[in-house]
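Student: just need the structure, nothing else, for what follows:
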Amino acid sequence: MMTTAKDKSEHPQEAWARWTREHEEVVEKATAPQRVLLEAAVRFIAAVCAQPILLRLTAFFLLHTGMGLTPVQVGAAVGRTDRAMRTVQALSAHAMLESLWGELRRHRQPKLHAEHAGPIAKYLVEHPGCTQAEVVAFIASELKIAIDVQTVRRFFKAYGLGVLRPERGDVNATEEERPFGLGAPSSEVPFSCSRLPSR
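Tutor: The predicted model follows:
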């Protein structure tokens, strides 16, 4: 993989000066308008510390400007291989946006964290008949987090908090869906905190 800014604190002017030294052949083969675009790209990438999503977006724009920039030139500017740039070049604008949205969704920070499991579990124990709407309302009022039911369900599953009760009067609810599984699974093996006898 080629490089752009070697240091996250590298100034855009320094990044461009270094880049032109490292990519003399690319600069020589570029037309004057292409050099302007390449310089803007290198400076921009140095300024945003080469964030992956912004790298791909920059590459897409450069490859679709109609200025004749090649995957080799754009790859050098954004610090990626020309093969990767050919993949970006083949994308339509719609496909590129879908790809970026997918990546943003994957990197979205969760609203509920491990430290929230305790207060939620305590609420469930104190309110065994609560519905999913009541759990969501508790999280909003006590934890100051606005969240949807699907996210709460995933959180329950991740932290072993059981299954959310459906709304009261839900004719589609089954008994299997209803209870919170708050207890530990039973085991045939007796549990003891005492040490095993030494032999």
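
Student: distance of E25 from M67?
Tutor: 19 Å (C-beta to C-beta, to the nearest Å). C-betas here are computed from N, CA, C, even on glycine.

Student: same deal with L100?
Tutor: Applying C-beta to C-beta to L100 and M67 gives a distance of 22 Å.

Student: how distant is the strand or helix carrying E25 from the center of its chain?
Tutor: Using DSSP states H and E, E25 sits in helix 24-29. Centroid separation for helix 24-29 versus its chain: 36 Å, with C-alpha atoms, centre = their mean, to the nearest Å.

Student: quick one: buried residues of the next helix or strand after it?
Tutor: Heading C-terminal from helix 24-29, the first helix or strand you meet, by DSSP H and E, is helix 32-47. Using 16 or more other C-beta atoms under 10 Å as the burial criterion, the residues of helix 32-47 that qualify are Q34, R35, L37, L38, E39, A41, V42, R43, F44, I45, A46.

Student: pull out the buried positions in the helix or strand that helix 32-47 is followed by.
Tutor: Downstream of helix 32-47, the next assigned helix or strand under DSSP H and E is helix 52-63. In terms of neighbour count (16+ other C-beta under 10 Å), helix 52-63 has its buried residues at L54, L55, R56, L57, T58, A59, F60, L62, L63.

Student: what average pLDDT does the helix or strand just after helix 52-63 get?
Tutor: Using DSSP H and E, the helix or strand that follows helix 52-63 towards the C-terminus is helix 71-78. For helix 71-78, the mean per-residue pLDDT is 93.

Student: pull out the buried residues from the following helix or strand past helix 71-78.
Tutor: Using DSSP H and E, the helix or strand that directly follows helix 71-78 along the chain is helix 82-90. Buried residues in helix 82-90, counting neighbours by 16+ other C-beta under 10 Å, are found at A84, M85, V88, Q89.

Student: which residues does the third one contact?
Tutor: The contact partners of V88, taken as C-beta atoms under 8 Å, 6 or more residues apart in numbering, are R56, A59, F60, L63, P71, M96.

Student: and the second one, by the same measure?
Tutor: Residues in contact with M85 (C-beta under 8 Å, 6+ apart) are A59, L63, P71, V72, V74, G75, V78.
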